[in-house]
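what's the 3D shape of this:
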Amino acid sequence: MLLKISTNEVLDTLKINFNNEELWAVNVILAVIMFGVALGIKIEDFKRLFAHPKVVIIGILLQFILFPFITFLLVQIMNPYPSIALGMMMVAACPGGNISNFATHLAGGNSALSISLTAFATLVAIFMTPLNLAFWGGLYEPTANILRSVALDPLVLIRLVSLILGIPLILGMLIRYYKPAIADSLSKILRPLSILILVVFIIGAFYENWTIFIDYVHYVFMAVITLNFLGYFTGFYFSKLMGLSFKNQKTLAIETGIQNSGLGLLLCFVFFEGLGGMALCLAFWSVWDIASALGLAYFWSKKTTKVIA
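Numbering: from 1, shown residues only. Below is the predicted model of the structure:
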């Protein structure tokens, strides 16, 4: 008699290979990316943000309250396999991705606002990423079971996020404040180079799991695309509802729709041992997120050019 194994069991027990050396490499790459972004952040950026607190409140509300809430609703509607659902919640719990700054610039958005929000959201994420994952994951019974099985400690998660994001952010800003010329030179090299290295590393790390990725990616395909679309849609129209300018609407749409999947992948491998559906969701997000952001930014850039012309 053959034992029938469900897709649910296969996905939720599937482990993607990722050794300790690769985990350390991701740690370093994410820290360098954050350091590169921080080199371009000035104290004046924060002053400018707090001079217009409405935009800050809307941006933080979108990224850490509305987007996780909409993700939770989407999980309830789509009812994906538990590990995929947890992957979606991890995406929503992470702060905005660093490529959002480049995409905002290309889209003709508010670059200063994008950079400032990235920095501020990163600081907030030190506490909000662990809390959001624990809160929303705990409300949905299938993901709550996974969280209980790994005994996730939010304080340990906070320490790791602080180490990867918080320290490089503060160090980069200090160099910008005291040695602006050095910061400018380093930033021009580090920001594009570190993002390129991360993309290449993710592709390389999953190369040895390519068969697994191809065989199972269709399970996360619609979930990732739908969630990404809802992020852009929510960011744009909620900002419009709040009376922000078109320039700021584009900026907050991109900031909401782009998430730091590199951080999500790292947390997945550190705390969940590369849980199959979760890792697949985050891996596909890291590829789709960049493609959709650049596509949307290019569309808006052409639209803005036509309006100006």
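
after the lowest-mean-pLDDT helix or strand in the chain comes which helix or strand?
Least confident element among the helices and strands of the chain, by mean pLDDT, DSSP states H and E: helix 7-13 (a mean of 59). Following helix 7-13 in sequence order, the next helix or strand is helix 20-38 (DSSP states H and E).

Distance from that following helix to the middle of the chain?
Offset of helix 20-38 from its chain centre (Cα atoms, centre = their mean, to the nearest Å): 14 Å.

what's the answer for stretch 67-82, then?
For stretch 67-82, the distance to the chain centre is 17 Å (Cα atoms, centre = their mean).

do stretch 255-275 as well
7 Å.

mind listing what's buried in that stretch?
Across stretch 255-275, burial judged by 16 or more other Cβ atoms under 10 Å covers 255-272, 274-275. (C-beta placed from N, C-alpha, C; glycine too.)

now, which of those residues lie within strands?
When DSSP state E is applied, the buried residues of stretch 255-275 are split such that none fall in strands.

tell me the SS of the spatially closest residue to residue 95 that is not a sequence neighbour?
Spatial nearest neighbour of residue 95, excluding adjacent residues (Cβ to Cβ, 6 or more residues apart in numbering): residue 125 at 3.7 Å. Secondary structure, DSSP: H, G, I helix; E, B strand; the rest coil: residue 125 is helix.

Please shift the residue numbers so they start at 27 in all later answers.
Fine by me, first position is 27 from now on; the one you just mentioned is residue 151.

Per-residue pLDDT of residue 151, please?
Reported pLDDT at residue 151 in the predicted model: 85.

how close does it get to residue 261?
Per Cβ to Cβ, to the nearest Å, residue 151 is found 16 Å from residue 261.

Could I get the full set of helices for the stretch 27-176 of the chain?
Counting by DSSP state H, counting those that start in this stretch, one finds helices in the stretch 27-176 of the chain at the ranges 33-39, 46-64, 69-77, 79-87, 93-104, 108-119, 125-133, 137-165, 167-176.

pLDDT weak spots in this structure?
The chain contains residues with pLDDT under 70 at 27-49, 124, 177-178, 217, 221, 224-225, 227-236, 238, 330-335.

Residue for residue, what is the longest helix it has?
helix 302-334 (DSSP state H).

quick one: buried residues of that helix?
For helix 302-334, burial by neighbour count (16+ other Cβ under 10 Å) applies to 302-316, 318-319, 322-323, 326-327, 330.

burial measure for residue 77, as a count.
10 (other Cβ atoms under 10 Å).

Please list all residues in contact with it.
By Cβ atoms under 8 Å, 6 or more residues apart in numbering, the contact list for residue 77 is empty.

mind checking how far it is from residue 270?
In terms of Cβ to Cβ, residue 77 sits 15 Å off from residue 270.

How about residue 207?
Distance, residue 207 to residue 270, using Cβ to Cβ: 35 Å.

who's more crowded, those two?
More crowded of residue 207 and residue 270, by other Cβ under 10 Å: residue 270, with 22 against 7.

Checking the more buried one next. Helix, strand or coil?
Secondary structure, three-state DSSP: residue 270 is coil.

unless I'm mixing things up, residue 69 is touching residue 203, no?
Yes. Residue 69 lies in contact with residue 203 (Cβ atoms under 8 Å); the separation is 6.4 Å.

tally of neighbours for residue 58?
By other Cβ under 10 Å, neighbour count at residue 58 equals 19.

so who does it touch?
Neighbouring residues of residue 58 by Cβ under 8 Å, 6+ apart: 194, 216, 220, 223.

swap the cut-off to 6 Å and go again
Shown in contact with residue 58 (Cβ atoms under 6 Å, 6 or more residues apart in numbering): residue 220.
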